[in-house]
Each structure stands twice: as structure tokens, then as C-alpha cells.
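Engineer: Predicted structure and sequence below. I'll ask about it afterward.
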Amino acid sequence: MRKFIFALAVLFVVIFVLARTADLNAAFETLKDGDLRFITLAFGVLLVWLFNVAGSYWAIYRSLGINEKIERMLMISSSASFVNVIAPTAGMGSFAVLIAEARRKGYSSARATVAGGLFALFEYVGFLCILTLGLIVLFRRGNLNTAELTASGILALVALFLGLLILLGARSAESLGKFLAWMARLVNRILDPFIHREYLSVDRAHEFACEAADGLQLVRRQPKKLLLPAFLALSSKAILIFILLLIFLAFNVPYTIGTLVAGFSIGYLFFIVSPTPAGIGIVEGALVLSLRSLNVPIGTATVVALAYRGITFWFPLMFGMLAFRWLTRGDTAKVTA
């Protein structure tokens with residue numbers, strides 16, 4: 001929670017700096033001329049995006065032999081995103097939601113964790129495809145810098161590690177168990193001087209590997225079932241780019257396809273690779289600077305960036321909060337009974 005509050009402070013500082021830097025007259029003119037029809041349509045498209053994300057989880061769950069209704073997956077996926085922002089633990093918050101739901105429903109928590117890993121992998125790989133196009137646009141326009149290349153490299157390494165881990169589990173439960181046990185021992189060794197106890201169970205690592213490998217074997221026997229979540233991961237990014245287009249149209253901002261792809265790519269890159277939860281404060285600044293480098297006036301770029309983040313981040317965050325409350329209402333009732 002402290003990280004979230006810190007991120008909000010960063011956001012306010014970024015907005016203050018942007019307000020001081022931007023041409024406020026141009027920004028107000030942009031706001032005044034905004035077309036609410038496109039903004040309303042953007043919210044409608046956002047609902048499609050929310051179901052798209054839920055559909056990706058649903059398809060992955062089915063490939064692992066877990067049957068959930070799409071409406072339930074909408075609540076689960078939105079709750080997972082909310083927890084990832086409010087209680088960021090290197091992306092592990094979403095796994096906690098998936099594991100808790102698995103325990104409530106009585107299916108394998110290891111398979112639910114694998115589902116979360118596969119979802120993240122498809123998200124990273126799908127975005128890397130879009131990011132490559134965005135980096136090409138920036139390179140051709142002479143706007144590519146070290147920060148963007150470094151963040152892209154970090155994302156690629158994370159995706160590679162996650163992919164190799166899933167591949168290892170699909171090939172051999174024993175190999176995955178040995179690797180996870182080694183990781184558990186390493187973490188315990190690092191944390192021992194601070195907590196003086198075993199933080200991770202080595203035995204549980206082997207049990208988890210066996211359960212996870214069973215689910216991955218189902219995927220390995222029917223790899224075609226992963227085509228749908230792979231497609232949904234790509235279409236998810238296309239929907240977000242379309243929302244950015246609607247924001248441009250709403251405020252009558254000239255654009256090209258290259259501007260939309262490059263602007264989205266940099267904003268989403270720092271949404272993933274950022275020192276603040278979900279890139280709060282960082283994404284807003286990066287998106288403004290990216291659009292400015294693509295010849296969008298800074299006042300207009302500020303309005304576009306804040307409107308886009310309001311629709312694609314803050315609204316889903318509020319929905320995720322309600323979804324999380326709905327998802328855990330039974331647990332609260334048990335505690336108070």
C-alpha cells in the first residue's frame with residue numbers, strides 16, 4: 001500500500017511538472033473542443049477489452065483442465081489486476097488471487113498459478129510484437145533512446161525466463177521440481193540473516209512442480225488450445241491502441257498509425273517495466289514525452305495521455321476494486337460469522 005501511495009505522489013508531481021511545462025491555453029482549448037461521443041465510445045470499447053482479458057484467462061484455464069464461467073473469470077481477472085496495483089509484489093499479487101480462488105473452488109492451486117504464468121507469458125510476447133513495431137517507428141524518426149531500449153531488454157529477458165520455466169515444466173516435473181527447489185534454497189539463504197527461518201518450503205516446491213507439470217502435460221498434448229489465448233493477447237493490445245485512436249479523435253488531434261503504435265508501445269512498456277505500481281506517474285510522463293517526440297504539441301499530448309490513462313487504467317482499477325470485494329464477500333462473511 002505504501003508503494004501505491006508513493007506512486008500517487010509521483011503522479012501528482014508529474015502532473016504538476018507537465019502543467020508547468022505545457023502550454024495551458026492549448027491544453028484548455030483541446031479540452032474544450034473534446035467530443036464526448038468518442039469518449040463514450042472509448043468506454044464501450046474498454047468493456048470489450050475487459051472481457052477480452054477475461055477470455056484469455058478462461059481459454060488458458062480450459063487448456064489446463066479447469067472449467068470456469070467467463071463472467072466469473074471477468075471478476076477474477078479484474079481482481080487480480082487490482083491487487084497487483086494495490087499490493088505490488090513483483091507481479092505476484094495476481095497469483096495470490098488465482099490461488100485463493102482455486103482453494104475456494106477446490107481445484108489445483110498449482111494449475112491456477114501456471115495459468116497466471118501462461119497469461120503473463122502471452123501478454124509479454126504479444127506486447128513484444130507490438131513493441132517491435134513501435135521501436136522501429138521511433139528508430140526511423142530518430143527518437144529512440146537508451147531508456148526505451150533498456151526497458152525493452154528487461155521485458156524480453158523476463159519473458160524469456162518465464163517461457164523457459166514453463167517449457168521446463170512441460171518437459172519434466174522432476175527438472176522443474178529441482179529448479180524450484182534450488183530457487184527456494186537460494187531465497188532462504190538470502191533471507192536467513194534477516195528473518196532467521198525458512199521462508200520457502202523446498203518440499204512444497206517439488207509438490208508444486210508435480211501438480212503444475214500435470215496441467216502443462218495437458219497443454220503439451222493439445223497445443224492448439226493455446227492459439228485462442230495467444231490471439232486474445234494480441235487483440236488486447238489492438239483494442240488498447242484503438243482506444244488511444246478514439247482519444248485522438250475526441251480531441252481532434254492529427255495522427256498517423258506510426259504515432260499511435262509508437263505512443264502506445266512506450267506507454268505500455270513503462271506500465272510493465274516501472275519502479276511504481278502499474279507505472280503510476282511514470283507512464284503518464286513517458287507517454288507525454290513520447291507523443292511530444294512524435295510531433296504532438298505538449299499541451300495536447302498531456303490531455304491525451306491523462307485521458308487515455310483515466311480510461312484504460314483508473315476506470316479498470318475502480319472496477320477491479322469492486323470485483324475484488326464481490327469475489328471475497330463470502331470470505332468476509334465467514335470471518336464475521
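Structural biologist: Okay, I see it. All values reported here derive from a predicted model rather than from experimental measurement. Residues are numbered from 1 along each chain as shown.

Engineer: C-alpha from now on. contacts and neighbour counts both.
Structural biologist: OK.

Engineer: So, low pLDDT: which residues of the protein?
Structural biologist: Counting by pLDDT under 70, the chain shows low-confidence ranges at 1-33, 88-93, 196, 199-202, 206, 330-337.

Engineer: what's the residue closest to the geometric middle of it?
Structural biologist: Centroid-nearest residue in the chain, with CA atoms, centre = their mean: Ile272, separated by 6.2 Å.

Engineer: got the contact list for the helix or strand that contains Gly267?
Structural biologist: Here Gly267 sits within helix 257-272, counting by DSSP states H and E. Under the criterion CA atoms under 8 Å, 6 or more residues apart in numbering, residues 127, 130-131, 133-135, 137-138, 148, 151-152, 155, 240-241, 244-245, 278-280, 282-284, 286-287, 290-291, 294 lie in contact with helix 257-272.

Engineer: which of those residues count as buried?
Structural biologist: Taking 16 or more other CA atoms under 10 Å as the criterion, what is buried in the contacts of helix 257-272 is 127, 130-131, 134-135, 137-138, 148, 151-152, 155, 240-241, 244-245, 278-280, 282-284, 286-287, 290-291, 294.

Engineer: In strands only, show me those.
Structural biologist: Among those, no member falls in strands (criterion: DSSP state E).

Engineer: How far away from the center of its chain is whichever helix in the chain runs longest?
Structural biologist: Of all the segments of type helix in the chain, defined by DSSP state H, the longest one is helix 109-140. Counting by CA atoms, centre = their mean, to the nearest Å, helix 109-140 is centred 9 Å from the centre of its parent chain.

Engineer: Next, the buried residues of that helix.
Structural biologist: Quick answer for helix 109-140 (16+ other CA under 10 Å): 109-128, 130-131, 134-135, 137-138.

Engineer: Same question for stretch 300-315.
Structural biologist: Thr300, Ala301, Thr302, Val303, Val304, Ala305, Leu306, Ala307, Tyr308, Arg309, Ile311, Thr312.

Engineer: One more: stretch 161-181?
Structural biologist: 162-163, 165-166, 168-170, 172-177, 179-181.

Engineer: nearest to Lys69, of those?
Structural biologist: Comparing those against Lys69 with CA to CA places Ile166 closest, at 25.0 Å.

Engineer: how about that closest one, what does it touch?
Structural biologist: So Ile166 contacts Val114, Gly117, Leu118, Leu216 (CA under 8 Å, 6+ apart).

Engineer: Check Ala307 too.
Structural biologist: Contacts of Ala307 by CA under 8 Å, 6+ apart are Ile247.

Engineer: I'd like the distance from it to Ala301, if you could.
Structural biologist: Counting by CA to CA, to the nearest Å, the gap from Ala307 to Ala301 is 10 Å.

Engineer: before we move on, what about Thr150?
Structural biologist: Thr150 sits at a distance of 24 Å from Ala301 (criterion: CA to CA).

Engineer: Repeat that for Val83.
Structural biologist: 29 Å.

Engineer: swap in Gly153?
Structural biologist: 26 Å.
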